[in-house]
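**Student:** sequence isn't available, so here's the structure alone:
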Ligand SMILES: Cc1cc2nc3c(=O)[nH]c(=O)nc-3n(C[C@H](O)[C@H](O)[C@H](O)COP(=O)(O)OP(=O)(O)OC[C@H]3O[C@@H](n4cnc5c(N)ncnc54)[C@H](O)[C@@H]3O)c2cc1C
């Protein structure tokens with residue numbers, strides 16, 4: 001069974017694409033899906049793995065943005081709430097409704113947050129996820145036993161969505177392929193091609209798996225590279241003014257026993273006037289985030305000490321148990337591609353637009369950046385409308401509002417494979433093919449060997465990191481368990497794709513080196529981990 005094998009030979013063909021999309025995060029994948037589903041000949045190139053950048057490092061919320069409501073940005077919230085509803089309908093296997101509880105320590109806060117959230121409910125209209133309501137102190141304590149309720153007067157319960165970001169990215173890539181599009185990971189765009197009039201006519205690309213270089217021609221090129229958009233804009237015009245101002249957000253992952261709850265906690269105003277979430281996710285507790293202006297950008301941003309301290313201290317103020325560095329199972333950082341204001345002289349990122357920016361350069365290069373995961377579909381629709389206009393393509397209507405994402409289903413299954421949607425049945429078939437693949441990869445996790453085989457055959461996973469970070473998500477929730485699984489994952493991948501023993505060693509070493517960056521422990525322990 002191999003449904004989603006990438007035909008990389010497509011890069012050898014000399015034909016012209018309607019559209020080449022650079023970047024395989026939420027924005028690029030959404031754009032490629034929108035274009036392919038309108039019938040355009042579409043190619044997407046991702047330099048690393050799908051969602052390797054910001055799109056695997058979110059807070060996992062599908063939301064209208066309660067915080068933007070507080071800032072009075074009603075139309076942004078209204079639009080996002082509509083998209084929240086569509087995302088839940090179209091990717092039902094990945095987006096679930098979640099109860100969030102805001103602890104209130106004064107009656108003034110109760111009135112303020114209840115009024116705001118009633119407005120949030122009203123704005124969501126037919127896409128409502130559930131009604132917000134007041135909870136007594138006792139109800140809050142029952143729902144979140146790990147919350148320190150000493151000075152609590154009550155709380156507000158409201159509903160938003162929760163999802164698996166990197167898995168949605170892979171499923172969007174598959175949906176794009178179902179619609180006739182071509183999506184390739186591990187192909188980096190290294191330059192832009194222009195015709196004699198200075199108009200964009202394609203890209204130079206480098207396949208990092210084979211080492212081959214290509215010239216690929218297209219009628220339009222979309223730059224959807226998140227915090228990397230300025231690199232592509234500078235390929236267009238050297239020294240072009242910067243469009244993006246990265247802002248780093250860090251999450252730490254803890255054992256679920258800290259709150260011992262199925263509901264998420266939302267702290268609306270931390271000591272530095274930001275929002276902190278504690279969200280149950282993949283049987284662990286995700287706590288974050290921060291908002292730190294950063295000058296540089298990278299695919300593996302590192303959490304700053306002050307960001308970690310801030311999260312641990314704030315969580316300790318609200319939790320019954322103090323949270324220490326030893327409790328952290330994983331820590332990861334992501335960079336928000338915030339669209340910078342035209343005159344960017346502020347050192348704070350709070351004033352910078354959270355909305356997206358779509359710009360067309362004189363050469364015809366189309367750049368889309370900013371926004372959020374929740375609004376990826378709408379941003380993509382606007383981008384493809386612009387592509388049609390700029391490249392003078394045939395006018396065809398967007399069809400993604402109701403387009404089901406690959407594998408979407410509503411299921412009552414209790415299996416951990418539920419997250420695969422309808423693909424769950426095919427993974428169960430694999431287990432019938434080889435009962436050995438039903439064995440668990442680690443005693444603390446339900447994941448089985450068949451999932452690794454599935455990821456190689458159908459989810460375009462090429463490295464141990466692809467499997468453990470973005471298909472199974474173990475690196476993001478428990479680094480030590482991920483390191484523990486890496487040898488077996490490499491062995492299974494090697495058998496499946498006929499790789500050598502050297503490949504296994506190299507993959508395991510590379511993975512362990514990367515994984516230690518997600519740990520908060522003294523170097524001696526890191527060294528011990530690397531040598532075992
Ligand atoms: C801490 C944090 C929390 C967040 N939480 C939420 C949330 O809860 N809910 C929500 O809706 N949104 C959230 N967001 C926002 C959301 O994650 C982002 O808006 C979204 O993921 C951005 O996607 P993107 O595709 O624009 O960028 P990216 O995901 O970064 O994708 C860009 C891709 O381009 C690729 N690329 C770069 N250069 C090249 C090249 N030369 N050739 C080929 N490929 C290239 C990169 O490798 C990368 O994969 C959060 C963001 C952060 C940072």
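**Tutor:** Okay, I see it. Keep in mind the model is a prediction, meaning the values are calculated, not measured.

**Student:** spell out which parts of this protein neighbour the ligand.
**Tutor:** 22-28, 45-48, 51-55, 57-61, 63, 188-189, 224-228, 249, 289, 299, 334-337, 371-374 (Cβ under 6 Å from any ligand atom). (Each C-beta comes from the backbone N, C-alpha and C, glycine too.)

**Student:** okay, and which of these map to strands?
**Tutor:** 22, 45, 61, 188-189, 249, 334-337 (DSSP state E).

**Student:** make a ChimeraX selection of the buried ones in those.
**Tutor:** Only the buried entries of those go into this ChimeraX selection, using 16 or more other Cβ atoms under 10 Å:
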select :22,45,61,189,249,334,335,336,337
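
**Student:** let me know the closest of the ones in strands among the residues of the chain next to the ligand to residue 102.
**Tutor:** residue 61 (14.2 Å; Cβ to Cβ).

**Student:** apart from its chain neighbours, what residue comes closest to the closest one?
**Tutor:** Nearest residue to residue 61, sequence neighbours excluded (Cβ to Cβ, 6 or more residues apart in numbering): residue 160, at 5.9 Å.

**Student:** try residue 259
**Tutor:** Per Cβ to Cβ, 6+ apart, closest to residue 259 is residue 146, 3.8 Å.

**Student:** list the buried ones in the helix or strand where residue 493 lies?
**Tutor:** Assigned by DSSP states H and E, residue 493 belongs to helix 479-496. For helix 479-496, the neighbour count (16+ other Cβ under 10 Å) marks 479-494 as buried.

**Student:** please apply the same query to stretch 432-445.
**Tutor:** 437, 441-442, 445.

**Student:** export those to TSV and tack on distance to residue 367 and pLDDT?
**Tutor:** Shown next, in TSV, are those (distance: Cβ to Cβ, whole Å; pLDDT from 0 to 100):
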residue	distance to residue 367	pLDDT
437	44	98
441	40	98
442	42	98
445	40	98
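
**Student:** which member of the residues you listed is positioned nearest residue 318?
**Tutor:** Taking Cβ to Cβ as the measure, residue 445 is the one of the buried residues of stretch 432-445 closest to residue 318, at 27.8 Å.

**Student:** once you drop chain neighbours, what's closest to residue 128?
**Tutor:** Spatial nearest neighbour of residue 128, chain neighbours left out: residue 121 (5.9 Å); criterion: Cβ to Cβ, 6+ apart.

**Student:** count the neighbours of that neighbour for me.
**Tutor:** Residue 121: 17 surrounding residues under other Cβ atoms under 10 Å.

**Student:** quickly find the element holding it.
**Tutor:** Residue 121 belongs to helix 107-124 when assigned by DSSP H and E.

**Student:** show me where pLDDT drops low in the stretch 401-532 of the chain?
**Tutor:** 522-532 (pLDDT under 70).

**Student:** which outside residues touch stretch 30-40?
**Tutor:** Under the contact criterion Cβ atoms under 8 Å, 6 or more residues apart in numbering, stretch 30-40 has outside partners 18-19, 21, 42-44, 172-173, 175-176, 179-181, 183, 222, 224, 368, 376-377, 379-381, 383-384, 387, 393, 396-400, 403.

**Student:** what part of the protein, helix or strand, is modelled with the least confidence?
**Tutor:** Least confident helix or strand, the chain: helix 523-531 with a mean of 54, by mean pLDDT, DSSP states H and E.

**Student:** would you map the helices across the stretch 51-200 of the chain?
**Tutor:** 66-70, 74-90, 107-124, 137-143, 165-178 (DSSP state H, counting those that start in this stretch).

**Student:** of all those, which one comes closest to residue 504?
**Tutor:** Per Cβ to Cβ, nearest to residue 504 of the helices of the stretch 51-200 of the chain: helix 165-178, 23.5 Å.

**Student:** counting by contacts, list what that closest one packs against.
**Tutor:** If you count contacts as 3 or more Cβ pairs under 8 Å, 6 or more residues apart in numbering; DSSP states H and E, helix 165-178 packs onto helix 26-37, strand 42-45, strand 182-184.

**Student:** show me what the one helix or strand residue 507 maps to packs onto, helices and strands only.
**Tutor:** According to DSSP H and E, residue 507 maps onto helix 501-515. Judged by 3+ Cβ pairs under 8 Å, 6+ apart, helix 501-515 is in contact with helix 464-465, helix 479-496, helix 523-531.

**Student:** the shortest one - contacts with which helices or strands?
**Tutor:** To tie it back to what came earlier, the one meant is helix 464-465. Helix 464-465 packs on helix 479-496, helix 501-515, going by 3+ Cβ pairs under 8 Å, 6+ apart.

**Student:** give the next helix or strand downstream of that helix.
**Tutor:** Assigned by DSSP H and E, the successor of helix 464-465 is helix 474-477.

**Student:** how far off centre is that next one?
**Tutor:** In terms of Cα atoms, centre = their mean, to the nearest Å, the centre of helix 474-477 is set 13 Å apart from its chain centre.

**Student:** buried residues in it?
**Tutor:** Buried residues in helix 474-477 (16+ other Cβ under 10 Å): 474-477.

**Student:** how about stretch 495-509?
**Tutor:** For stretch 495-509, the buried set under the neighbour-count rule, 16+ other Cβ under 10 Å, comprises 504, 507-508.

**Student:** from these, pick the one nearest the ligand.
**Tutor:** Distance to the ligand, by Cβ to the nearest ligand atom, is smallest for residue 507 among the buried residues of stretch 495-509, at 19.6 Å.

**Student:** below-threshold pLDDT in this structure: ranges please.
**Tutor:** Scanning the chain with the threshold set as pLDDT under 70 gives 1-2, 341-354, 522-532.

**Student:** if you set the cut-off to 90 instead, what comes out?
**Tutor:** Applying pLDDT under 90 to the chain picks out residues 1-9, 13-14, 65-73, 241, 245, 270-274, 337-355, 411-414, 521-532.

**Student:** which helices and strands does the helix holding residue 121 pack with?
**Tutor:** Other helices and strands packing on helix 107-124, by 3+ Cβ pairs under 8 Å, 6+ apart, are helix 66-70, helix 74-90, strand 96-104, strand 133-136, strand 154-162.

**Student:** most tightly packed of these?
**Tutor:** strand 154-162 (a mean of 23; mean count of other Cβ atoms under 10 Å).

**Student:** how far off strand 96-104 does that strand point, in degrees?
**Tutor:** Going by axes from the mean of the first three to the mean of the last three Cα atoms, to 10 degrees, strand 154-162 is angled at 150 degrees with respect to strand 96-104.

**Student:** with adjacent residues omitted, what lies nearest to residue 424?
**Tutor:** Using Cβ to Cβ, 6+ apart, the closest residue to residue 424 is residue 417 (4.2 Å).

**Student:** from memory the one you found sits against residue 427, does it?
**Tutor:** Yes - with contact defined as Cβ atoms under 8 Å, residue 417 reaches residue 427; the gap is 5.7 Å.
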